[in-house]
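Participant: no sequence for this one, just the structure:
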């Protein structure tokens, strides 16, 4: 299958578009997810003015923006529409009001965003995330049930595995909603403060990337694959780790389990 190999550029969030484009291209990627956050080079307040310039610089280096990680404000929708960015990625937080109330609250926010999705032609992608968020693929699918097809699932290999799920099941159940497939890996480690999550490289976690690509092949998925560049051990440069993980991912995507 042919995928748009992409990377979440959060580790280099302070770089301008031309420098970022050269870096991402040099790592071997053709696509990028851009953080548009108050702590990044691009902020929501400046997005309408700066995002089109930024994405033009990325495209000049051969990098196609697949999404922004931001909020659902109208200014971010307008910026994405102007810049030709197809999706805003978010996560659904779980607050002190509890899981059920948080899901209802997030559902209201998504329903209100439907007007902006229609107005600007920009999708919303919701990613599961362990901890104080809707943590499972199935939880996100329940949250999106009944919303227009422009509301997408951002399936995540690490968080799917941390939830104890099987990619052959969750990818098939979410097939009609998948907008982006995130690749990273993680496992739980016991510490003096309890169980913590450790994010490692492709072979250092609960997710079997070959099984992920087997499921994607079955579904004939050809959308973006986004390596998130998230690692708990920063003693090795992120660039080195993510370059290695890209090679592993490409190799995994080409394996034929029927011949093993």
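Facilitator: Yes, it's here. Predicted model, so just to flag it, every value in this text is computed and none were measured.

Participant: In this structure, where's the longest helix?
Facilitator: helix 99-120 (DSSP state H).

Participant: What average pLDDT does it get?
Facilitator: Here helix 99-120 scores 98 as its mean pLDDT.

Participant: what packs against the helix or strand harbouring residue 19?
Facilitator: Assigned by DSSP states H and E, residue 19 belongs to helix 17-27. The helices and strands touching helix 17-27, judged by 3 or more CB pairs under 8 Å, 6 or more residues apart in numbering; DSSP states H and E, are helix 47-60, helix 238-254. Where you see a C-beta, it was placed from the backbone N, CA and C, and this is true even at glycine.

Participant: just the ones you listed: most buried one?
Facilitator: helix 47-60 (a mean of 19; mean count of other CB atoms under 10 Å).

Participant: related to what we said a few turns ago, show me which positions of the helix holding residue 19 end up buried.
Facilitator: For helix 17-27, the neighbour count (16 or more other CB atoms under 10 Å) marks 17, 20, 21, 22, 23, 24, 27 as buried.

Participant: average model confidence for it?
Facilitator: Helix 17-27 shows a mean pLDDT of 98.

Participant: can you list contacts of the longest helix of the chain?
Facilitator: Residues outside helix 99-120 that contact it (CB atoms under 8 Å, 6 or more residues apart in numbering): 72, 74, 77-78, 80-81, 92-95, 97, 122-124, 126, 134, 139, 142-144, 147-148, 150-151.

Participant: I'd like the buried residues of helix 17-27 written out as TSV, with distance to residue 10 added.
Facilitator: Converted to TSV, these look like this (distance: CB to CB, whole Å):
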residue	distance to residue 10
17	15
20	11
21	16
22	17
23	13
24	12
27	14
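
Participant: Report the two of the residues you listed separated the most.
Facilitator: Spatial extent of the buried residues of helix 17-27 (CB to CB) is set by the pair 17 and 27 at 15.6 Å.

Participant: Sketch out the low-pLDDT regions of the stretch 151-260 of the chain for me.
Facilitator: Applying pLDDT under 70 to the stretch 151-260 of the chain flags residues 255-260.

Participant: change it to 90
Facilitator: For the stretch 151-260 of the chain, residues meeting the criterion pLDDT under 90 lie at 254-260.

Participant: the helices in it, which residues?
Facilitator: Secondary structure of the stretch 151-260 of the chain (DSSP state H, counting those that start in this stretch): helices at 157-162, 167-173, 209-219, 238-254.

Participant: I'd like those helices laid out as a markdown table, including distance to residue 43.
Facilitator: Converted to a markdown table, the helices of the stretch 151-260 of the chain look like this (distance: least, CB to CB, whole Å):
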| stretch | distance to residue 43 |
| --- | --- |
| helix 157-162 | 26 |
| helix 167-173 | 34 |
| helix 209-219 | 33 |
| helix 238-254 | 22 |
